[in-house]
Every structure is written in C-alpha cells, then in structure tokens.
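Trainee: build me a structure from this.
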Amino acid sequence: MSKLPELLKQLGRQAETYEKYRADPRAVMEKYQCTEEEIKAMLSKDLEAVKRLSGMQELTSNHTIRTYD
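Mentor: The predicted model follows:
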C-alpha cells in the first residue's frame, strides 16, 4: 500500500527527508512505495491529483511548508 500521505507529512517535518527528496524525488517516492500515478502527480505538481491520491483533501498548496526551519 502507498504511503503517500506519510511522505507528504514527512517532507514538511523532517529536513533529512526533504533534502533527499530534493536530490532524487523518484527514489524517495519509491522508498515510500508510491505508485507510478502518484509519482507523476507529485513530479508535475498536480495538486488536485495529489489530493485525490493521498486522500488529504485539506492540501491547499504545492509549496513546501517546513516545520523544521
């Protein structure tokens, strides 16, 4: 099962995950067992698709908000 919601949360909470994602987003998404459809949505920054695929309807932006700054 995909862990896209978990990945989205970790991108905002953990600097290490965020830096790894910036360096190689596909590798990080594969580690989180994201589907090809989820990977394409994330890479294209398709917010509506990401919301639908993650079940996180409260997402309102495709900008990164970090809690660790």
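Trainee: what strand or helix carries the residue nearest the centre of the chain?
Mentor: When Cα atoms, centre = their mean is applied to the chain, the residue found nearest the centroid is L8 (3.9 Å). Using DSSP states H and E, L8 falls within helix 4-13.
Trainee: now for that helix, which elements pack on it?
Mentor: Packing partners of helix 4-13 (3 or more Cβ pairs under 8 Å, 6 or more residues apart in numbering; DSSP states H and E): helix 15-23, helix 25-31, helix 47-54. All C-beta atoms are positioned from the backbone trio N, CA, C, and that covers glycine.
Trainee: go through stretch 33-47 and flag the buried ones.
Mentor: If you call a residue buried by 16 or more other Cβ atoms under 10 Å, then stretch 33-47 has these buried ones: C34, E38, I39, A41, M42.
Trainee: just the residues you listed now: which is nearest V50?
Mentor: A41 (5.0 Å; Cβ to Cβ).
Trainee: tell me who's in contact with the closest one.
Mentor: Contacts for A41 (Cβ atoms under 8 Å, 6 or more residues apart in numbering) come out as A49, V50, L53.
Trainee: from Q33, how far off is the nearest residue to the first one once chain neighbours are set aside?
Mentor: Okay, so that is A49. In this structure, A49 finds its nearest non-sequential neighbour in A41, 3.7 Å apart by Cβ to Cβ, 6 or more residues apart in numbering. Applying Cβ to Cβ, to the nearest Å, the value for A41 to Q33 is 15 Å.
Trainee: just K3 next, same as before
Mentor: Counting by Cβ to Cβ - K3 and Q33 are separated by 6 Å.
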